[in-house]
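# pasting the sequence and the predicted model now:
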Amino acid sequence: MTQMLLRLFVKDADNTESPKVRSAYGKLSGIVGILCNLLLFAGKLIVGTLAGSVSITADAVNNLSDASSSLVTLIGFRIAEMPADANHPYGHARVEYLSGLIVSALILLIGVELGKSSVEKIFHPSVVTFSWITALVLVGSILVKLWLSLFNTKLGRRIDSAALLATAADSRNDVISTAAVLLAAIVGRYTDLNIDGYVGALVALFIIWSGIGIAKDTINPLLGQGPDPELREKILEILRKDPRVLGLHDLMVHDYGPGQRFATVHVEMDMRVDPMESHDLIDDMERACLRQYNVHLSIHYDPVVTDDEELNRMRTLVEECIRPIDPRLSVHDFRMVPGPLHTNLIFDMILPYDMMKQKDEVKQLVDEAVRKENSKYYTVITFDGASFNNP
């Protein structure tokens with residue numbers, strides 16, 4: 001069913017890197033969710049009214065509220081595809097994250113309300129009425145919601161969307177809560193046990209836990225989480241292809257929403273290569289990154305000296321000095337600036353975050369090794385965080 005809907009309503013569905021295709025996925029999810037929940041609402045309302053069942057009628061209203069989650073998803077993806085404008089030069093793609101955050105807030109609200117009513121039932125239990133028509137309606141609702149959960153999970157994983165995965169979790173929670181109501185009704189029908197409140201409380205805790213997890217997944221990109229390792233590796237692969245690139249560092253990816261990613265990186269190239277040739281290579285790599293992965297890459301050109309025997313010797317000495325300290329340490333942008341009284345060895349050192357408190361100790365060890373080699377050599381070290389420097 002999912003593949004059929006994708007073929008019918010999403011053009012070029014396999015091209016999930018395209019913002020237009022991504023938006024089509026989100027709008028398809030929203031429309032299907034609205035239709036399914038409205039059908040469930042109408043069916044339960046009719047059956048509940050004819051059967052005089054308050055529980056079925058209440059569940060119908062719940063499905064109407066579920067349609068609002070799908071509407072949030074639909075509107076979120078619609079706004080996210082709007083082009084950049086004067087007030088939003090990076091586009092509106094982060095609205096997708098906001099829509100996922102709203103859905104997670106609705107999930108938390110439902111969990112809290114269910115928890116309150118369940119605790120009330122524990123202290124003030126009431127008889128749970130059971131009828132086969134009620135059971136039939138609940139089973140039908142479970143099947144529809146189960147399909148909706150699987151449908152949105154598939155779409156969410158295909159385009160890596162926290163918003164769609166949040167919608168899928170919302171449907172999954174409905175499956176669990178409805179199944180719990182059915183279980184409590186069956187147990188009450190055939191035994192003297194009234195477990196309705198206890199089952200509801202457990203389901204409420206699960207829903208709240210689920211909502212917190214979903215909120216975290218949608219808040220992280222808004223706060224500025226690290227780049228996706230797979231995307232990072234794809235960018236580095238483009239840069240490594242050409243042997244003229246001698247080194248890479250300071251890769252930073254800025255996420256303004258799916259399909260709106262900007263990145264900067266430093267590439268080291270031999271200073272003896274014609275600068276115009278290096279510039280052409282940099283342009284080609286930037287265009288390739290945009291074409292293949294829809295990432296706007298800006299490359300900073302670092303010319304490096306490769307034919308200075310003394311510079312290479314001192315760089316090797318520094319690298320050999322820091323290797324026993326921790327194999328994760330490395331240096332880049334190594335240069336020598338001679339002066340009338342002393343020579344500065346200026347370079348950046350990549351330092352893992354768990355070693356940031358050891359900066360002074362590391363510098364002291366390097367200084368001792370350098371001064372032992374030549375008392376007129378001084379180090380000027382800039383410590384870089386490892387998050388941007390793991391090429």
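Nice, I can see it.

# use CA for all of it now, contacts and neighbours both
Noted.

# distance between the lowest-mean-pLDDT helix or strand in the chain and the chain's centre?
Lowest by mean pLDDT, DSSP states H and E among the helices and strands of the chain is helix 54-80, with a mean of 78. The chain centre lies 24 Å from the centre of helix 54-80; the measure is CA atoms, centre = their mean, to the nearest Å.

# would you mark the buried spots in that helix?
Across helix 54-80, burial judged by 16 or more other CA atoms under 10 Å covers 56-57, 59-80.

# do stretch 86-101 as well
90-101.

# cool, and stretch 15-35?
16-30, 32-34.

# same deal with stretch 257-271?
257-270.

# which elements pack onto the longest helix anywhere in the chain?
Among the segments of the chain that qualify as a helix by DSSP state H, the longest is helix 19-51. Judged by 3 or more CA pairs under 8 Å, 6 or more residues apart in numbering; DSSP states H and E, the packing partners of helix 19-51 are helix 2-9, helix 54-80, helix 132-159.

# next helix or strand past the longest one?
This means helix 132-159. helix 162-190 (DSSP states H and E).

# where do the helices sit along the stretch 251-391 of the chain?
With DSSP state H, counting those that start in this stretch, the ranges of helices along the stretch 251-391 of the chain come out as 275-293, 309-322, 359-373.

# got any ranges where the stretch 251-391 of the chain has weak pLDDT?
387, 389-391 (pLDDT under 70).

# residue 338 pairs with what?
residue 343 (DSSP bridges).

# what's the local residue count around it?
12 (other CA atoms under 10 Å).

# that one and residue 376 touch, don't they?
No - if you go by CA atoms under 8 Å, residue 338 and residue 376 don't touch, sitting 9.7 Å apart.

# against residue 236, how distant is residue 33?
39 Å (CA to CA, to the nearest Å).

# now do residue 136
55 Å.

# neighbour-wise, which of these two wins?
Neighbour count, other CA under 10 Å: between residue 136 and residue 236, residue 236 has more, with 17 against 12.

# next up, the contacts around the residue nearest to residue 331 when sequence neighbours are not counted.
Closest residue to residue 331 apart from its sequence neighbours, by CA to CA, 6 or more residues apart in numbering: residue 349 at 4.4 Å. Counting by CA atoms under 8 Å, 6 or more residues apart in numbering, residue 349 touches 329-332, 381-384.

# redo the helices and strands packed on helix 19-51 as TSV? Include distance to residue 175.
Converted to TSV, the helices and strands packed on helix 19-51 look like this (distance: least, CA to CA, whole Å):
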stretch	distance to residue 175
helix 2-9	19
helix 54-80	12
helix 132-159	5
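
# please enumerate residues in contact with stretch 96-114?
69, 72-73, 76-77, 80, 162-164, 166-167, 170, 200-201, 203-208, 210-212, 214-215, 218-219, 221-222, 257-258.

# repeat that for stretch 277-288.
238-239, 269, 296-299, 301.

# flag every buried residue along that stretch.
For stretch 277-288, by 16+ other CA under 10 Å, it's 278, 282, 285-288.

# ok, of those, which one's closest to residue 190?
When those are compared for distance to residue 190 (CA to CA), residue 288 wins out at 66.9 Å.

# give me the phi and psi angles of residue 12.
phi 60, psi 50 (degrees, to the nearest 10).

# that one reaches residue 21, doesn't it?
Yes - in this structure, residue 12 is within contact of residue 21 by CA under 8 Å, at 7.0 Å.

# so what's the residue nearest to residue 84 when sequence neighbours are not counted up against?
Distances taken as CA to CA, 6+ apart place residue 91 nearest to residue 84, at 3.9 Å, with adjacent residues excluded. By CA under 8 Å, 6+ apart, the residues touching residue 91 are 80, 82-85, 256, 260.

# that'll do, ta.
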